[in-house]
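Participant: sharing a model that was predicted from the sequence below.
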Amino acid sequence: MEGKKPPQAASAAGGSDSEVEIEREMHSAMHSAATTQPSSPRPEPFPACTDSSAPWQRVRQQLYQMAIDGDEVLDHYGDYIADRIAVERFLSGSKGNVDRAVKQLRDHLHWRRTFGVENIVNEDFSDMKEYGELYWGGTDLQGVPTLTWILRKHDGNKFTAERFVRFLIYNIESGMRASPSYPNTSFNIIVDLTDVGFGNNDTEMAGLLQTTLVQNYPKVRKALYVFPVNWFVHLFWDGIIKPILSTLQPDIEDKICPLRGDYEAELLTRFAPDQIETKFGGTLDVKARGDPIPLAYEPTSVKAMVRRQEHRSAALQHAAAGAAGAAAAETNVASPSSTTIKAAQKLVMEEQRVRRKEARRLDVAARTTRAACAVSGKAAPPARGAGNNSISSKAGKRGVRKAQPESWAASVLSLRTWVMCAMLWGFLSYFAAEWLGGAAG
């Protein structure tokens with residue numbers, strides 16, 4: 001089914017210019033809420049209006065305020081109030097008068113509640129369907145569905161005017177809800193006047209139906225096809241009705257189309273053959289096709305929409321604050337300068353130099369001690385690093401290998417000492433013998 005798509009379906013289907021503008025407004029509002037303090041406590045989808053706001057925005061604003069002030073019915077239909085296309089339909093039906101549009105749309109939403117429009121598609125009208133007076137036919141060349149009314153089958157004595165009007169609303173709602181464009185689905189109406197007589201006249205139903213359709217379904221009917229039309233009806237239409245209505249609605253000829261003469265040929269200029277019923281010269285079998293299947297529709301309240309937008313704005317603000325904090329923290333962390341790095345390197349090198357100097361001093365002291373012990377015959381202390389369990393085995397081995405030459409040198413020194421002592425003892429013995437022997441002679 002064709003028709004302008006509501007904002008909730010625009011993102012998935014591309015959307016019209018008005019829908020794109022709505023999405024742009026929503027995105028702009030969310031971006032503003034995430035980066036700055038909101039100038040108004042009212043979030044999208046109900047922003048505050050100014051004097052330069054478009055008429056449809058002023059209509060929406062007034063309805064929103066009524067909902068906030070306690071109108072439970074308007075609060076219940078928050079998605080309807082926020083739907084720009086729906087608001088513009090009622091504004092157009094009110095000839096651009098904002099106050100009249102506010103009243104008409106408010107009355108319509110109250111009518112939906114009292115009439116039970118939400119659940120009407122689930123009601124049983126099988127007793128009226130069996131007469132075949134009202135049903136959905138084919139679609140035109142633009143894909144717009146067509147509601148067919150066989151007027152000769154109408155009998156005002158079978159059903160009350162209220163019952164028939166309710167049956168008609170049931171058909172309208174069933175067909176419109178079969179499209180994702182609901183509640184802005186466009187549709188055509190075909191009125192078959194074949195064999196119509198005075199017995200089909202029902203003035204009470206006609207008056208009630210006209211009021212109901214004008215007040216609650218403005219700007220959804222694409223075209224009204226009426227046929228067959230005799231010469232008198234056609235003359236009356238072209239000479240009186242059409243000129244008067246054209247002053248009020250320039251495209252009246254496209255809206256109301258009385259088909260004279262060969263109406264089947266006229267229908268073929270607006271419908272494909274497989275979308276025209278067999279009795280009207282086409283190939284469509286309505287009974288075999290079945291009734292349209294309505295899509296589920298559940299209104300969203302004003303309060304729910306505002307809460308959802310507030311939560312979304314709060315989440316965006318939190319994310320923006322977190323990102324800003326992370327950026328600030330990253331900026332404020334000072335990277336080490338080259339001077340600091342050089343100072344640290346200098347401290348490390350100085351510490352290493354002190355450690356090497358201390359190691360050399362300990363090695364010299366250890367060697368001196370071992371040499372002195374070797375001369376005196378005392379046991380030399382273990383080499384530095386030997387026998388220390390806290391030193392790794394590799395370091396211990398290095399200590400042992402280093403100590404081995406020192407022990408060998410001590411051994412050589414000890415042997416040299418004994419040799420010298422032996423020589424000295426021999427010299428003294430010889431000197432004593434010679435000295436004592438000489439003295440004795």
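Facilitator: Good, I have the coordinates. Numbering: from 1, shown residues only.

Participant: what bridges to residue 189?
Facilitator: residue 147, residue 224 (DSSP bridges).

Participant: that one touches residue 217, doesn't it?
Facilitator: No - Residue 189 is beyond contact range of residue 217, at 11.0 Å (criterion: Cβ atoms under 8 Å). (Glycine included, C-beta is placed from N, CA and C.)

Participant: assign the closest residue to residue 183 other than its chain neighbours to helix, strand or coil.
Facilitator: Distances taken as Cβ to Cβ, 6 or more residues apart in numbering put residue 86 closest to residue 183, at 5.7 Å, once the chain neighbours are dropped. When classified by DSSP: H, G, I helix; E, B strand; the rest coil, residue 86 comes out as helix.

Participant: can you check residue 137 too?
Facilitator: With three-state DSSP as the basis, the three-state label of residue 137 is strand.

Participant: which ones are touching it?
Facilitator: Residue 137 sits next to 145, 146, 147, 148, 190, 275, 276, 277, 284, 286 when contact means Cβ atoms under 8 Å, 6 or more residues apart in numbering.

Participant: try residue 98
Facilitator: Residue 98 touches 55, 58, 59, 62, 91, counting by Cβ under 8 Å, 6+ apart.

Participant: what's the answer for residue 349, then?
Facilitator: Contacts for residue 349 (Cβ under 8 Å, 6+ apart) come out as none.

Participant: that one: which element?
Facilitator: Using DSSP states H and E, residue 349 maps to helix 338-376.

Participant: mind listing what's buried in that helix?
Facilitator: Neighbour counts over helix 338-376 (16 or more other Cβ atoms under 10 Å) mark 366, 370, 374 as buried.

Participant: distance to residue 137 and pLDDT added to the residues you listed, as CSV?
Facilitator: Output for the buried residues of helix 338-376, formatted as CSV (distance: Cβ to Cβ, whole Å; pLDDT from 0 to 100):
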residue, distance to residue 137, pLDDT
366, 115, 77
370, 120, 75
374, 126, 70
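
Participant: which among those residues gets closest to residue 206?
Facilitator: residue 366 (125.9 Å; Cβ to Cβ).

Participant: gap between that closest one and residue 177?
Facilitator: Computed as Cβ to Cβ, to the nearest Å, the residue 366 to residue 177 distance reads 102 Å.

Participant: and the contacts of the regular element (helix or strand) spanning residue 63?
Facilitator: Per DSSP H and E: residue 63 is located in helix 55-68. By Cβ under 8 Å, 6+ apart, the residues outside helix 55-68 that reach it are 46, 48-49, 53, 74-75, 78, 81-82, 84, 87-88, 90-91, 96, 98, 101-102, 105-106, 302.

Participant: tell me where the stretch 201-350 of the chain has strands.
Facilitator: Assigned by DSSP state E, counting those that start in this stretch, the stretch 201-350 of the chain shows strands spanning 221-229, 256-260.

Participant: low pLDDT regions in the stretch 151-300 of the chain?
Facilitator: Residues of the stretch 151-300 of the chain meeting the criterion pLDDT under 70: 232, 236-254.

Participant: gap between residue 113 and residue 184?
Facilitator: As judged by Cβ to Cβ, residue 113 and residue 184 stand 20 Å apart.

Participant: and what of residue 207?
Facilitator: Distance, residue 207 to residue 184, by Cβ to Cβ: 27 Å.

Participant: between those two, who's got more neighbours?
Facilitator: Neighbour tally, residue 207 and residue 184, criterion other Cβ atoms under 10 Å: the higher count belongs to residue 184, 20 against 11.

Participant: mind checking how far the more buried one is from residue 83?
Facilitator: From residue 184 across to residue 83, the span is 7 Å (Cβ to Cβ).

Participant: pull out the buried positions in stretch 113-120.
Facilitator: With burial defined by 16+ other Cβ under 10 Å, the residues of stretch 113-120 counted as buried are 117, 120.

Participant: and the contacts of that stretch?
Facilitator: 73, 76, 111, 112, 166, 169, 170, 173, 297, 299.

Participant: 10 Å instead?
Facilitator: 72-74, 76-77, 108-109, 111-112, 122-123, 165-167, 169-174, 183, 212, 216, 294, 297-299 (Cβ atoms under 10 Å, 6 or more residues apart in numbering).

Participant: over to stretch 267-275?
Facilitator: Contacting residues not belonging to stretch 267-275 are listed as 137-146, 188, 190, 223, 225, 227, 257, 259, 262, 276-277, 280-285 [Cβ under 10 Å, 6+ apart].

Participant: would you mind measuring the gap between the ends of it?
Facilitator: Stretch 267-275 has an end-to-end distance of 10 Å (Cα to Cα, to the nearest Å).

Participant: ditto for stretch 72-92
Facilitator: Start-to-end span of stretch 72-92 (Cα to Cα) is 26 Å.

Participant: what about it, average pLDDT?
Facilitator: Stretch 72-92 shows a mean pLDDT of 95.

Participant: ok, back up a step: and the contacts of stretch 267-275, which of them are buried?
Facilitator: Listed as buried from the contacts of stretch 267-275 are 137-140, 144-146, 188, 190, 223, 225, 227, 257, 259, 276-277, 280-282, 284; burial here means 16+ other Cβ under 10 Å.

Participant: follow-up on the earlier one: between residue 189 and residue 217, what contacts are shared?
Facilitator: Common neighbours of residue 189 and residue 217 (Cβ under 10 Å, 6+ apart) are residue 172.

Participant: for residue 82, see how far away the nearest residue to residue 88 once chain neighbours are set aside is.
Facilitator: Nearest non-adjacent residue to residue 88, counting by Cβ to Cβ, 6+ apart: residue 56, 4.9 Å away. Distance, residue 56 to residue 82, by Cβ to Cβ: 11 Å.
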